[in-house]
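Trainee: Curious how this folds, go ahead:
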Amino acid sequence: MRIVVLSRQESLYSTRMLVEAGLRRGHDMEVMDTLQFDIRLSRRNPELLYRGEPVGAVDAVIPRIGASITFFGLAVVRQFEMMGVYCLNESQAIARSRDKLRCLQLLSRHDIGMPPTVYTRQADHVAACIDKVEGPPVVVKLLQGTQGIGVVLAESTRAAESVIEAFHGLEQNILIQQFIKEANGADIRAVVVGRKVVAAMKRKAVAGEFRSNLHRGGSAKKVRLSPEGRRTALAAARVLGLRVAGVDLIESNQGPMVMEVNSSPGLEGIQKSTGVDVAGAIIEHLERELPSRPAPDPKTEGAKQAS
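Mentor: Numbers count the residues shown, from 1 in each chain. As a prediction, this is how the structure comes out:
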(Lines give C-alpha, C1' and ligand atoms only; values in the text may rest on other atoms or scores of the structure.)
Protein backbone atom coordinates (compact mmCIF):
# COMPACT_ATOMS: atom_id res chain seq x y z
CA MET A 1 0.00 0.00 0.00
CA ARG A 2 0.97 3.60 -0.45
CA ILE A 3 0.49 5.18 2.97
CA VAL A 4 0.81 8.92 3.57
CA VAL A 5 1.68 10.25 7.02
CA LEU A 6 0.50 13.83 7.44
CA SER A 7 3.16 15.45 9.62
CA ARG A 8 5.02 18.75 9.75
CA GLN A 9 8.42 17.05 10.26
CA GLU A 10 9.82 13.70 9.19
CA SER A 11 12.22 13.74 12.15
CA LEU A 12 9.50 13.64 14.83
CA TYR A 13 9.66 10.42 16.86
CA SER A 14 6.05 9.37 16.21
CA THR A 15 6.36 10.05 12.48
CA ARG A 16 9.63 8.09 12.24
CA MET A 17 8.19 5.10 14.11
CA LEU A 18 5.15 4.95 11.82
CA VAL A 19 7.30 5.16 8.69
CA GLU A 20 9.70 2.48 9.95
CA ALA A 21 6.83 0.17 10.94
CA GLY A 22 5.25 0.53 7.49
CA LEU A 23 8.53 -0.05 5.66
CA ARG A 24 9.20 -3.19 7.70
CA ARG A 25 5.89 -4.57 6.47
CA GLY A 26 6.63 -3.74 2.84
CA HIS A 27 4.54 -0.63 2.36
CA ASP A 28 5.37 2.51 0.42
CA MET A 29 5.55 5.14 3.19
CA GLU A 30 5.60 8.87 2.47
CA VAL A 31 5.61 11.81 4.88
CA MET A 32 3.82 14.90 3.62
CA ASP A 33 3.88 18.29 5.34
CA THR A 34 0.25 19.16 6.05
CA LEU A 35 0.75 22.84 5.24
CA GLN A 36 2.30 22.15 1.81
CA PHE A 37 -1.01 21.05 0.23
CA ASP A 38 -3.23 23.06 -2.09
CA ILE A 39 -6.90 22.10 -2.10
CA ARG A 40 -8.56 22.29 -5.50
CA LEU A 41 -12.34 22.23 -5.70
CA SER A 42 -14.42 21.91 -8.82
CA ARG A 43 -17.62 20.21 -9.84
CA ARG A 44 -17.40 16.53 -8.81
CA ASN A 45 -13.62 16.66 -9.02
CA PRO A 46 -11.90 17.21 -5.64
CA GLU A 47 -8.13 17.30 -5.99
CA LEU A 48 -5.10 17.73 -3.77
CA LEU A 49 -1.82 19.20 -4.93
CA TYR A 50 1.34 18.68 -2.90
CA ARG A 51 4.01 21.28 -3.51
CA GLY A 52 2.30 22.09 -6.78
CA GLU A 53 2.01 18.51 -8.07
CA PRO A 54 -0.97 16.11 -8.01
CA VAL A 55 -0.81 13.76 -5.03
CA GLY A 56 -1.66 10.68 -7.11
CA ALA A 57 -3.17 7.45 -5.87
CA VAL A 58 -3.05 6.95 -2.10
CA ASP A 59 -4.36 3.91 -0.21
CA ALA A 60 -4.40 5.29 3.33
CA VAL A 61 -3.64 8.43 5.29
CA ILE A 62 -2.40 8.64 8.89
CA PRO A 63 -3.15 12.16 10.14
CA ARG A 64 -0.67 13.58 12.66
CA ILE A 65 -2.12 17.07 12.88
CA GLY A 66 -0.83 19.48 15.53
CA ALA A 67 -3.34 21.54 17.47
CA SER A 68 -2.00 24.81 16.02
CA ILE A 69 -2.94 23.80 12.45
CA THR A 70 -6.23 22.04 13.20
CA PHE A 71 -8.36 24.09 10.79
CA PHE A 72 -6.20 23.57 7.71
CA GLY A 73 -5.27 20.04 8.72
CA LEU A 74 -8.92 19.03 8.93
CA ALA A 75 -9.53 20.56 5.50
CA VAL A 76 -6.75 18.39 4.03
CA VAL A 77 -8.12 15.24 5.69
CA ARG A 78 -11.64 16.06 4.40
CA GLN A 79 -10.26 16.44 0.89
CA PHE A 80 -8.63 13.01 1.07
CA GLU A 81 -11.97 11.62 2.27
CA MET A 82 -13.78 13.25 -0.67
CA MET A 83 -11.28 11.56 -2.97
CA GLY A 84 -12.22 8.18 -1.51
CA VAL A 85 -8.98 7.67 0.45
CA TYR A 86 -9.13 5.76 3.74
CA CYS A 87 -8.15 8.03 6.63
CA LEU A 88 -7.10 6.34 9.86
CA ASN A 89 -8.93 8.99 11.89
CA GLU A 90 -11.65 10.83 9.99
CA SER A 91 -11.92 14.61 10.00
CA GLN A 92 -15.14 14.71 12.04
CA ALA A 93 -13.68 12.47 14.73
CA ILE A 94 -10.54 14.60 14.97
CA ALA A 95 -12.68 17.75 15.23
CA ARG A 96 -14.74 16.23 18.07
CA SER A 97 -11.61 15.37 20.05
CA ARG A 98 -10.01 18.80 19.52
CA ASP A 99 -13.02 20.60 20.98
CA LYS A 100 -12.71 19.74 24.70
CA LEU A 101 -16.23 20.95 25.50
CA ARG A 102 -17.84 19.00 22.66
CA CYS A 103 -15.81 15.94 23.65
CA LEU A 104 -17.05 16.12 27.25
CA GLN A 105 -20.63 16.70 26.10
CA LEU A 106 -20.50 13.50 24.02
CA LEU A 107 -18.94 11.50 26.86
CA SER A 108 -21.60 12.79 29.25
CA ARG A 109 -24.40 11.88 26.87
CA HIS A 110 -23.11 8.31 26.63
CA ASP A 111 -22.70 7.88 30.40
CA ILE A 112 -18.90 7.69 30.36
CA GLY A 113 -17.10 8.63 33.58
CA MET A 114 -15.65 12.15 33.68
CA PRO A 115 -14.94 14.78 36.35
CA PRO A 116 -17.89 17.10 37.03
CA THR A 117 -17.33 20.11 34.76
CA VAL A 118 -18.91 23.53 34.23
CA TYR A 119 -18.51 25.91 31.30
CA THR A 120 -19.42 29.56 31.73
CA ARG A 121 -18.70 32.92 30.16
CA GLN A 122 -20.11 35.00 33.04
CA ALA A 123 -17.67 36.22 35.69
CA ASP A 124 -20.44 36.64 38.28
CA HIS A 125 -21.36 32.94 37.87
CA VAL A 126 -17.92 31.64 38.83
CA ALA A 127 -18.56 31.19 42.58
CA ALA A 128 -21.74 29.22 41.91
CA CYS A 129 -19.98 27.13 39.25
CA ILE A 130 -17.22 26.25 41.72
CA ASP A 131 -19.87 25.04 44.16
CA LYS A 132 -21.38 22.90 41.38
CA VAL A 133 -18.12 20.96 41.09
CA GLU A 134 -17.67 20.72 44.88
CA GLY A 135 -14.73 23.08 45.03
CA PRO A 136 -12.46 24.74 45.84
CA PRO A 137 -9.93 23.57 44.91
CA VAL A 138 -10.86 23.33 41.23
CA VAL A 139 -9.02 22.81 37.98
CA VAL A 140 -9.34 25.61 35.41
CA LYS A 141 -8.63 24.53 31.83
CA LEU A 142 -8.28 26.33 28.53
CA LEU A 143 -10.42 24.67 25.87
CA GLN A 144 -7.52 24.87 23.42
CA GLY A 145 -4.72 23.87 25.81
CA THR A 146 -2.35 20.96 25.09
CA GLN A 147 0.38 19.09 26.99
CA GLY A 148 -0.72 20.60 30.30
CA ILE A 149 -0.45 24.19 29.03
CA GLY A 150 -3.41 26.30 30.15
CA VAL A 151 -4.30 23.99 33.08
CA VAL A 152 -4.31 25.67 36.51
CA LEU A 153 -5.14 24.34 39.97
CA ALA A 154 -7.00 27.05 41.88
CA GLU A 155 -6.87 26.44 45.64
CA SER A 156 -9.54 29.02 46.55
CA THR A 157 -12.57 30.70 45.04
CA ARG A 158 -10.71 34.01 44.88
CA ALA A 159 -7.78 32.36 43.05
CA ALA A 160 -10.17 30.69 40.60
CA GLU A 161 -11.93 33.98 39.93
CA SER A 162 -8.60 35.71 39.25
CA VAL A 163 -7.43 33.00 36.84
CA ILE A 164 -10.75 32.89 35.01
CA GLU A 165 -10.87 36.70 34.77
CA ALA A 166 -7.39 36.69 33.24
CA PHE A 167 -8.29 33.99 30.69
CA HIS A 168 -11.53 35.76 29.76
CA GLY A 169 -9.59 39.00 29.37
CA LEU A 170 -7.51 37.22 26.73
CA GLU A 171 -10.71 36.05 25.00
CA GLN A 172 -10.04 32.44 25.97
CA ASN A 173 -12.73 29.88 26.71
CA ILE A 174 -12.26 27.88 29.89
CA LEU A 175 -13.72 24.93 31.79
CA ILE A 176 -14.05 24.63 35.56
CA GLN A 177 -13.53 21.03 36.64
CA GLN A 178 -13.64 19.15 39.91
CA PHE A 179 -10.21 18.41 41.37
CA ILE A 180 -9.90 14.67 41.94
CA LYS A 181 -7.68 14.64 45.00
CA GLU A 182 -7.46 10.85 45.30
CA ALA A 183 -5.74 10.65 41.89
CA ASN A 184 -2.68 11.99 43.75
CA GLY A 185 -1.11 13.66 40.72
CA ALA A 186 -1.25 10.54 38.54
CA ASP A 187 -3.15 9.56 35.43
CA ILE A 188 -3.19 6.75 32.89
CA ARG A 189 -2.67 7.13 29.14
CA ALA A 190 -4.34 4.25 27.30
CA VAL A 191 -3.73 3.95 23.55
CA VAL A 192 -6.63 2.50 21.60
CA VAL A 193 -6.07 1.04 18.13
CA GLY A 194 -9.20 -0.27 16.46
CA ARG A 195 -11.18 -2.06 19.14
CA LYS A 196 -8.25 -2.84 21.43
CA VAL A 197 -6.25 -1.07 24.11
CA VAL A 198 -2.76 -1.94 22.85
CA ALA A 199 -0.74 -0.19 25.57
CA ALA A 200 -1.19 1.76 28.79
CA MET A 201 1.18 3.74 31.01
CA LYS A 202 0.74 5.42 34.36
CA ARG A 203 2.11 8.94 34.53
CA LYS A 204 3.08 10.56 37.82
CA ALA A 205 3.61 14.27 38.36
CA VAL A 206 6.82 15.57 39.89
CA ALA A 207 6.74 16.78 43.49
CA GLY A 208 4.78 20.02 43.85
CA GLU A 209 3.04 19.60 40.48
CA PHE A 210 -0.45 18.21 39.86
CA ARG A 211 -0.12 17.84 36.06
CA SER A 212 1.31 14.46 35.12
CA ASN A 213 2.20 15.27 31.50
CA LEU A 214 5.63 13.96 30.46
CA HIS A 215 6.27 17.37 28.86
CA ARG A 216 6.01 18.83 32.38
CA GLY A 217 8.59 16.48 33.85
CA GLY A 218 6.28 13.65 34.88
CA SER A 219 7.46 10.03 34.91
CA ALA A 220 5.81 7.02 33.27
CA LYS A 221 5.70 3.27 33.73
CA LYS A 222 3.81 0.39 32.17
CA VAL A 223 0.49 -0.41 33.83
CA ARG A 224 -2.20 -3.03 33.44
CA LEU A 225 -5.62 -1.45 33.04
CA SER A 226 -8.52 -2.67 35.12
CA PRO A 227 -11.44 -4.15 33.13
CA GLU A 228 -13.47 -1.02 33.92
CA GLY A 229 -10.63 1.24 32.79
CA ARG A 230 -10.30 -0.72 29.55
CA ARG A 231 -14.03 -0.48 28.87
CA THR A 232 -13.98 3.26 29.58
CA ALA A 233 -11.07 3.93 27.22
CA LEU A 234 -12.65 1.89 24.42
CA ALA A 235 -16.03 3.56 24.92
CA ALA A 236 -14.50 7.06 24.81
CA ALA A 237 -12.71 6.35 21.51
CA ARG A 238 -15.83 4.75 20.04
CA VAL A 239 -18.12 7.64 21.03
CA LEU A 240 -15.82 10.15 19.33
CA GLY A 241 -15.43 7.92 16.26
CA LEU A 242 -11.64 7.56 16.62
CA ARG A 243 -9.89 4.44 15.34
CA VAL A 244 -6.67 5.48 17.07
CA ALA A 245 -6.77 7.49 20.27
CA GLY A 246 -4.82 8.32 23.38
CA VAL A 247 -7.34 8.30 26.24
CA ASP A 248 -6.24 9.98 29.47
CA LEU A 249 -7.88 8.49 32.55
CA ILE A 250 -7.70 9.20 36.26
CA GLU A 251 -8.64 6.79 39.00
CA SER A 252 -11.30 8.21 41.33
CA ASN A 253 -13.52 6.94 44.13
CA GLN A 254 -16.29 6.71 41.53
CA GLY A 255 -14.21 4.64 39.11
CA PRO A 256 -12.09 5.65 36.08
CA MET A 257 -12.78 9.09 34.63
CA VAL A 258 -11.82 10.41 31.20
CA MET A 259 -9.82 13.62 31.31
CA GLU A 260 -9.04 13.99 27.61
CA VAL A 261 -9.05 12.09 24.33
CA ASN A 262 -6.22 12.74 21.87
CA SER A 263 -6.59 11.91 18.18
CA SER A 264 -2.81 12.11 17.52
CA PRO A 265 -1.25 10.54 20.61
CA GLY A 266 2.50 10.80 20.87
CA LEU A 267 4.25 7.44 20.60
CA GLU A 268 7.57 8.10 22.31
CA GLY A 269 6.45 7.98 25.93
CA ILE A 270 4.11 5.02 25.51
CA GLN A 271 6.50 2.91 23.45
CA LYS A 272 9.54 3.53 25.65
CA SER A 273 7.70 2.99 28.94
CA THR A 274 5.75 -0.12 27.88
CA GLY A 275 7.96 -1.71 25.22
CA VAL A 276 4.89 -2.08 22.98
CA ASP A 277 5.27 -1.39 19.25
CA VAL A 278 2.25 0.89 18.98
CA ALA A 279 3.30 2.12 15.52
CA GLY A 280 3.36 -1.50 14.30
CA ALA A 281 -0.12 -2.06 15.74
CA ILE A 282 -1.38 0.96 13.81
CA ILE A 283 0.03 -0.34 10.51
CA GLU A 284 -1.45 -3.79 11.17
CA HIS A 285 -4.82 -2.15 11.81
CA LEU A 286 -4.61 -0.41 8.43
CA GLU A 287 -3.93 -3.76 6.77
CA ARG A 288 -7.00 -5.29 8.40
CA GLU A 289 -9.17 -2.32 7.40
CA LEU A 290 -8.04 -2.50 3.77
CA PRO A 291 -8.11 -6.24 2.98
CA SER A 292 -8.56 -5.56 -0.73
CA ARG A 293 -5.00 -4.19 -0.71
CA PRO A 294 -3.02 -6.86 1.16
CA ALA A 295 0.39 -5.92 2.49
CA PRO A 296 3.28 -7.25 0.42
CA ASP A 297 5.33 -9.95 2.10
CA PRO A 298 8.52 -8.17 3.26
CA LYS A 299 10.58 -11.33 2.61
CA THR A 300 9.25 -11.60 -0.95
CA GLU A 301 9.84 -7.92 -1.56
CA GLY A 302 13.39 -8.23 -0.25
CA ALA A 303 14.08 -11.16 -2.55
CA LYS A 304 12.77 -9.17 -5.53
CA GLN A 305 15.02 -6.23 -4.70
CA ALA A 306 18.04 -8.52 -4.28
CA SER A 307 17.45 -10.04 -7.71
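Trainee: Quick check, G52 in contact with D38.
Mentor: Yes. Under the contact definition of C-beta atoms under 8 Å, G52 touches D38, with a separation of 7.3 Å. Quick note: C-beta positions are derived from backbone N, CA and C, even for glycine.
Trainee: Compare those two and say which is more crowded by neighbours.
Mentor: Relative neighbour count places D38 above the other of G52 and D38, with 13 against 7, counting by other C-beta atoms under 10 Å.
Trainee: Can you tell me how far the nearest residue to the more buried one once chain neighbours are set aside is from S91?
Mentor: On the basis of C-beta to C-beta, 6 or more residues apart in numbering, the spatially nearest residue to D38 that is not a chain neighbour turns out to be L49, at 4.2 Å. Noted for L49: a distance of 19 Å to S91, by C-beta to C-beta, to the nearest Å.
Trainee: out of those two, which sits in the more crowded spot?
Mentor: Comparing L49 with S91 by neighbour count (other C-beta under 10 Å), the higher total belongs to S91, at 20 against 13.
Trainee: The more buried one touches T70, doesn't it?
Mentor: No. Using C-beta under 8 Å, S91 and T70 do not qualify as a contacting pair, with a distance of 10.2 Å.
Trainee: nearest residue to F179 other than its sequence neighbours?
Mentor: Here the residue nearest F179, using C-beta to C-beta, 6+ apart, is P137, at 4.6 Å.
Trainee: meant to ask about K222
Mentor: What sits nearest to K222 in space, not counting adjacent residues and going by C-beta to C-beta, 6+ apart, is T274, at 4.3 Å.
Trainee: Can you tell me the centre-most residue of this structure?
Mentor: The central residue of the chain, meaning the one whose C-alpha is nearest the mean C-alpha position (C-alpha atoms, centre = their mean), is N262 at 1.6 Å.
Trainee: What's opposite that one in the beta bridge?
Mentor: G246 (DSSP bridges).
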